[in-house]
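Trainee: sequence and computational prediction follow.
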Amino acid sequence: METKITKLFRIISSIAILPAFLVHFTLYFLHTKFWPDKFVYLACAGIVTILLLLLLSKIFNYFPNNYGMSLNIKNKDFLYILLFFGATVILWYLYNYLIGIANIIPWYYDYPSKNIIFEKLIIIAILIVLAFVEEFLFRGYLLNIYLEKLNPVISVIITLLISSIYYAMQFGFIFAGFMLLYGILLSVLYILKKNIILTTLLHILGYIFIFIVIS
């Protein structure tokens, strides 16, 4: 039920997510050829935003569905992840086939160091952090907020549109189109299990798969 506390939280927390997007806009134009740098800045901006949301939750004593954070994971949940990851792989190749190009992400990093494996591991580690940040913000925060007032379909559509803007700014509209479809899988998994730990694991697998394919 909507209360003055939850309404005030919604208003203030919506302002709290702006720093991540402001930092993103600035760094997008400062770092156009070094994707790992962008990943670091995006991850840091996202972490700062999450800390702001948690601080607001503490102040208002209001945690929307606990942001989907739960360690109640059963063995069969990993089967869900495998099934959804299989769907992700199929979606990736189908999307690439339909748009008629091999790689949908412009990748400009040339790995200047001789230790390419180490650098790739660093990028994967950053992608893991970024996957958690995005799941917390898009599923744990936004989707939960909308689910409290709207039906699941409308909630997912609004969340996906907002997240698509984020991906379009970073990687362009072609990749944003894929992430919109991928976001449907992530959102369905969240609605089924109400746990962003599971969606984060799926998100991580998806990012690592894409990184391996395109690098």
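Mentor: Everything's here; your move.
Trainee: find the residue at the geometric middle of this protein.
Mentor: For the chain, Glu134 is the residue whose C-alpha lies nearest the centre (CA atoms, centre = their mean; 2.7 Å).
Trainee: any idea how far that one lies from Glu119?
Mentor: 22 Å (CB to CB, to the nearest Å). Where C-beta positions appear, they are placed from N, C-alpha and C, glycine not excepted.
Trainee: tell me the first helix or strand C-terminal of the helix or strand that contains Tyr182.
Mentor: Using DSSP states H and E, Tyr182 falls within helix 173-193. Downstream of helix 173-193, the first helix or strand assigned by DSSP H and E is helix 196-214.
Trainee: report the buried residues of that next one.
Mentor: For helix 196-214, a neighbour-count test (16 or more other CB atoms under 10 Å) marks 196-207, 210 as buried.
Trainee: can you map out the strands along the chain?
Mentor: Here the chain has no strands by DSSP state E.
Trainee: helices and strands of it: which one has the lowest mean pLDDT?
Mentor: helix 18-30 (a mean of 61; mean pLDDT, DSSP states H and E).
Trainee: farthest pair in the buried residues of helix 196-214?
Mentor: Farthest pair in those (CB to CB) is Ile197 and Ile210. Separation: 20.6 Å.
Trainee: show me where pLDDT drops low in this structure?
Mentor: Low-confidence segments of the chain (pLDDT under 70): 1-2, 15-38, 100-115.
Trainee: which stretches in it count as helices?
Mentor: Assigned by DSSP state H, the chain shows helices spanning 4-16, 18-30, 35-60, 75-99, 116-135, 144-147, 152-171, 173-193, 196-214.
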